[in-house]
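J.: could you work out the structure for the sequence below:
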Amino acid sequence: MSRKSKQGVNQLIGLFTIPVFAIVGCSESPHRTFTSPYEDLNWSEITHHDSEFHTHPGLGNEEYDPHQTVDRYHEEGYEILTLAAHSYDVPSDYINTIYPWTKLSELYETIKHVENPTEDNMTYEEIHNEPWEDRDPVELGMVSVEGNELSGHHHTISVFNALSYDGDTQIDSFEKIKELGGFAYLAHPGRYVERWGLTAHWYVDKYLRYDILIGQSIYNREDNHPEDRAFYDKVQHLLGGAERPIWLYGEDDMHHEGTLAWNRDVILLENFRPGSMHPDIQDGSAPDVMEALQNGYSYLWKPSEQYNRRAFNIIDVEVSDHRVALTIDNDNLVDEIRWRTHNPNTDETETIHHGFSISDSDIPEYSLFVRAEIEGSEGTIYTQPFYLVTDD
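T.: The predicted model follows:
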């Protein structure tokens, strides 16, 4: 066959093959499957436990002393609690944290004559309402978690460790938390976006460098920074979704009664037992709380009014390759379920679906994750993200 004839045959084949390839190409899209932080939970055994890790129990000029803080949260039905003082209020030459609760009276005697320079050199005895009283988390049916709010740089809720002071830089603080075997989440990021001009890329950099950072706040108090939800979504998208998961939290940032019980991080546990990881107290479920925080075994209950307790719960999450389905108790109290994601084209959070379940076909190709907002008149549940993983 001559060269000219071969060219003619190739051109003829091309007329038929190009449209076929085009049709096949249009019908195919990346094969994506769901992954979920909840998929390993045995939902038939799961119980729901309200927690708060961002409280301020009186080392500064706050309303309640430590034992009073424990009492109020116990009265409001919380079962997991950290007495997280601002690091600049902690007299770290004398104590590190307000922990264990069984020795609060002893801690008070240690520091009551010490002056706090952040409160006009008032002594802690002058700052507090009364001598501290011991509380036993086991008797109260609670898990006490050691921690502080590191407040010298970007405020950071540091838990399961005794760090009481900030490093010279933010990085120094993170390194110290890592050295002590603790972990942390980033508090009220909207404050630092507004005041310091921090960008989502600043957060992405810190998450990629430090596994001890597990997430960030989307609610502070009633709602000090409404933009924090969309900001969380943007940071999570930039992290690549499942490539670096981070978890969302609400925080009371409690200084006085008006800021108490506005957020309930619901920790999902089996066989809950009260305790603490202090050597003088039984562990109980404290190690399980640590695991739950690190792995995203939680969701946020955001009450519509202060003190509102959970009106409904997630009692099952079915995750298959192509579908996520939620089961809610008291589902007659649910008014709407929104599935939300980050749209990189508009750089905004958007609602892409409604209902108790969602399929991968309901989700735009640009989306790396979705999260559900389950709303009723008493409050809203915010789930952790469900990630979409593209097969190679």
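
J.: mind listing what Thr102 touches?
T.: Asp134, Arg135, Asp136, Pro137, His278, Asp280, Ile281 (CB atoms under 8 Å, 6 or more residues apart in numbering). No exception for glycine: its C-beta is placed from N, CA and C like everyone else's.

J.: let's have the residues you listed in TSV, adding distance to Ser144.
T.: Formatted as TSV, the contacts of Thr102 follow (distance: CB to CB, whole Å):
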residue	distance to Ser144
Asp134	12
Arg135	8
Asp136	9
Pro137	4
His278	8
Asp280	11
Ile281	8
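
J.: among the residues you listed, which one lies nearest to Ser164?
T.: His278 (15.7 Å; CB to CB).

J.: pretty sure the closest one contacts Pro137?
T.: No: if you go by CB atoms under 8 Å, His278 and Pro137 don't touch, sitting 9.2 Å apart.

J.: residues that sit against both of these two, list them.
T.: By CB under 8 Å, 6+ apart, the residues touching both His278 and Pro137 are Thr102, Ser144.

J.: the more surrounded of the two?
T.: The neighbour count for His278 versus Pro137, taken as other CB atoms under 10 Å, is higher for Pro137 (26 against 17).

J.: partners of the lengthiest strand in the chain in the sheet?
T.: Assignment by DSSP state E gives strand 334-343 as the longest strand of the chain. Here strand 334-343 has these sheet partners by DSSP bridges: strand 348-354 (antiparallel), strand 369-376 (antiparallel).

J.: so for His31, which of the ones you listed sits nearest?
T.: strand 369-376 (16.8 Å).

J.: following element in sequence after the closest one, please.
T.: Counting by DSSP states H and E, the next helix or strand C-terminal to strand 369-376 is strand 379-383.

J.: that next one packs against which elements?
T.: strand 298-303, strand 369-376 (3 or more CB pairs under 8 Å, 6 or more residues apart in numbering; DSSP states H and E).

J.: okay, buried residues for that strand please.
T.: Gly379, Thr380, Ile381, Tyr382, Thr383 (16 or more other CB atoms under 10 Å).

J.: which of the residues you listed sits closest to His153?
T.: Closest to His153, out of all of the buried residues of strand 379-383 and judged by CB to CB, is Tyr382, at 26.7 Å.

J.: what separates that closest one from Glu76, distance-wise?
T.: 19 Å (CB to CB, to the nearest Å).

J.: Val235: which element?
T.: helix 228-238.

J.: pull the residues that contact that helix.
T.: Contacts of helix 228-238 (CB under 8 Å, 6+ apart): 188-190, 193, 200-201, 203-204, 207, 216-220, 245-246, 248, 340-342, 344, 347-349, 368-369, 371, 385.

J.: which one of the buried residues of strand 379-383 sits closest to Ala325?
T.: Thr383 (12.4 Å).

J.: the closest one against Ile314, yeah?
T.: Yes: between Thr383 and Ile314 there is a contact under CB under 8 Å: 7.2 Å.

J.: which neighbours do those two share?
T.: Contacts common to Thr383 and Ile314, judged by CB under 8 Å, 6+ apart, are Tyr299, Leu326, Ile374.

J.: same list (those residues) but as CSV, adding distance to Glu62.
T.: Formatted as CSV, the shared contacts of Thr383 and Ile314 follow (distance: CB to CB, whole Å):
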residue, distance to Glu62
Tyr299, 28
Leu326, 38
Ile374, 33
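
J.: among those residues, which one has the most neighbours?
T.: Tyr299 (26 neighbours).

J.: okay, it: pLDDT?
T.: On the pLDDT scale, Tyr299 is placed at 98.

J.: do you know how far it is from Ile80?
T.: For Tyr299, the distance to Ile80 - CB to CB - is 14 Å.

J.: how about Gln170?
T.: Taken as CB to CB, the span from Gln170 to Ile80 is 27 Å.

J.: okay, these two: which has more neighbours?
T.: When neighbours are counted by other CB under 10 Å, Ile80 comes out ahead of the other of Gln170 and Ile80, with 26 against 17.

J.: give me the beta-bridge partners of that one?
T.: Ser51, Val143.

J.: test my guess that it contacts Leu269.
T.: No: look at Ile80 against Leu269 with CB under 8 Å: they stay out of range, at 9.1 Å.

J.: common neighbours of those two, please.
T.: His49, Val289.

J.: can you tell me how far the closest residue to Arg323 other than its chain neighbours sits from Trp339?
T.: Once flanking residues are discounted, Arg323 sits nearest to Ser359: 4.9 Å by CB to CB, 6 or more residues apart in numbering. Using CB to CB, we find Ser359 at a distance of 10 Å from Trp339.

J.: higher neighbour count, those two?
T.: Higher neighbour count among Ser359 and Trp339: Trp339, with 23 against 13, using other CB under 10 Å.

J.: give the burial count for the closest residue in space to the more buried one that isn't next to it in sequence, as a bare number.
T.: Once flanking residues are discounted, Trp339 sits nearest to His353: 4.1 Å by CB to CB, 6+ apart. When neighbours are counted by other CB under 10 Å, His353 registers 16.

J.: I'd say His353 and Asp362 touch.
T.: Yes: if you go by CB under 8 Å, His353 and Asp362 touch, sitting 4.5 Å apart.

J.: okay, and the common contacts of the two?
T.: Joint contacts of His353 and Asp362 (CB under 8 Å, 6+ apart) are Trp339.

J.: related to what we said a few turns ago, output the helices and strands packed on strand 379-383 as JSON lines; include the columns distance to Arg273.
T.: As requested, these are exported to JSON lines (distance: least, CB to CB, whole Å):
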{"stretch": "strand 298-303", "distance to Arg273": "18"}
{"stretch": "strand 369-376", "distance to Arg273": "28"}
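
J.: so which of these is nearest Leu239?
T.: strand 369-376 (9.7 Å).

J.: pLDDT on that closest one, on average?
T.: 98.

J.: so how far is that strand from its chain's centroid?
T.: Mean C-alpha position of strand 369-376 versus that of the full chain (CA atoms, centre = their mean, to the nearest Å) differs by 15 Å.

J.: all set, thanks.
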